[in-house]
Structure formats: structure tokens, C-alpha cells
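S.K.: I'll drop the sequence and a predicted model, then ask my questions.
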Amino acid sequence: MTRAALVLAAGSARRFGSDKLSAPFRGEPLLFQAIRAARAAPVDRVIVVARPGLDCGTWPGAPATAVVRVTSEALSASLKAGLTAAGEIETLTVFLGDMPLVPPDLAASLAAILDDSYAAMPRQGGKPGHPVVLSRRALADIPGLQGDAGAGKLLRSRDDVVFLDCDDAGIHADVDRPDDLERLAVSS
């Protein structure tokens, strides 16, 4: 089975007011935390979909890590570009570049429960979080997405998504504004 991870990092960070993915977090750019979590997933390769000019680092060794540049800020365009770059795969685990506290072992736990489900997601307090493992069936629906609609639009309409309940707030901890970055640095 061929599996890939996708790190979405092409947004403009308007609410942050500057380049949030390059903002320092734990001594390195915020984006590097998401890439590191994706590389810890049980995948054969990692694709980072980034806007032009964003420093995505150098990631030697396995899994192979590639960067795909997109100029569109539409989430659907990033997903489609990442899926195209992944090629023929069975599953795609999607990470968000602005979520630095995703537990590194979570993707493996989600992959283990996917089975024949459409997707697998973590959930805390009844609220779904990230990362999300998409099955081959879900991947077939990505090309139909338009605009700023991500896979969430597909997942909300399904009753065959499996959830993994967990206690880690990192599945919801994203950075939208500078004070979010400061709050997460203190709480982690």
C-alpha cells in the first residue's frame, strides 16, 4: 500500500498580519512542526503544498519530502495540487501547516482504524480535529472541490467517517493570530 502525507501551507495568513508559517516556534519556523509530524506518520512520502517563497526547510532521509508551489490560496487548489503530486496512493494524511502541537503518533493511530471507512479523524470533546486520513474513496472526491472548500465539506456529509477520541488539545490548536502563537508556546 502506498501512503502519503500532505502539509497544507499555501495560505496568506491575513489574520496573523505577517508570515505566520515562518514565525519562530520552539526555535524553528512554525511550519517545521507540521512537517515533522507528517514525517512521523506511517507514509512513504510527504508533500508540502506551499506558496512561492516560503522556506520549507530541507528534510533528508525517509520519508521523502517534496515541496509543491501553488499561487492560489484556495484550499481546494492546495488539496488538488498535493493529490496530483502524490500520484497513485491508497491513503492521504492531511496536516495543516499552522497546527504545531499535533501529537506525532496520532497519524499512525488514525491509519490503524481507517479500515474500509471514508476517512479517520481525531476527536476531542465531540469536536473533530487534525490530522485527517483520507481513503482512496475520499481521494476520488477531492477533484470535485471548488474554491476555499477543503475536505471538511466532504467529511461533514458522510456517515462512514471513523473517529478516534483523544484527550490531546493539540488536534485543535492552530495559529491564526500572533497571540495564538504565544499562547501555544506557553501551554506546550
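M.R.: Nice, thanks for sending it over. Numbers count the residues shown, from 1 in each chain.

S.K.: Enumerate every residue touching the closest residue to residue 129 other than its chain neighbours.
M.R.: Taking C-beta to C-beta, 6 or more residues apart in numbering as the measure, residue 129 lies nearest to residue 171, with 2.9 Å between them; neighbours along the chain are not counted. For every residue, glycine as well, the C-beta is placed using N, CA and C. Residues counted as contacts of residue 171 (C-beta atoms under 8 Å, 6 or more residues apart in numbering) are 102, 103, 106, 122, 123, 124, 129, 130.

S.K.: Try it again at 10 Å.
M.R.: Contacts here follow C-beta atoms under 10 Å, 6 or more residues apart in numbering; on that basis residue 171 touches 99, 101-103, 106, 121-124, 127-131, 164.

S.K.: Same question for residue 24.
M.R.: Neighbours of residue 24 in contact, by C-beta under 10 Å, 6+ apart: 30, 32, 181, 185.

S.K.: right, and the third one touches residue 30 too?
M.R.: Yes - in this structure residue 181 lies within contact range of residue 30 using C-beta atoms under 10 Å: 7.0 Å.

S.K.: When the two are compared, which one has more neighbours?
M.R.: Ranked by neighbour count (other C-beta atoms under 10 Å), residue 181 and residue 30 place residue 30 first, with 24 against 19.

S.K.: rewinding a little: identify, from the contacts of residue 171, the entry nearest to residue 147.
M.R.: residue 130 (20.2 Å; C-beta to C-beta).

S.K.: my read: the closest one touches residue 120, true?
M.R.: No - with contacts defined as C-beta under 10 Å, residue 130 does not count as touching residue 120, sitting 11.5 Å away.

S.K.: which residues of the chain fall in helices?
M.R.: In the chain, the segments counted as helices under DSSP state H are 30-40, 75-86, 106-114, 136-141, 151-156, 178-187.

S.K.: how about the most centrally placed residue in the chain, what does it touch?
M.R.: The centroid of the chain falls nearest to residue 95 when counting by C-alpha atoms, centre = their mean (1.0 Å). Counting by C-beta under 10 Å, 6+ apart, residue 95 touches 5-9, 33-39, 41, 46, 48, 102, 107, 130-132.

S.K.: now with 7 Å?
M.R.: Applying C-beta atoms under 7 Å, 6 or more residues apart in numbering, one finds that residue 95 lies in contact with 5, 6, 7, 34, 37, 38, 102, 130, 131.

S.K.: and the first one, how far is that from residue 134?
M.R.: Read that as residue 5. Going from residue 5 to residue 134 by C-beta to C-beta, to the nearest Å gives 11 Å.

S.K.: which stretches of the protein have low pLDDT?
M.R.: 1, 13, 17, 187-188 (pLDDT under 70).

S.K.: which residues of it fall in strands?
M.R.: In order along the chain, the chain carries the following strands (DSSP state E): 3-9, 24-25, 28-29, 45-50, 64-69, 91-96, 119-124, 127-128, 132-134, 161-165.
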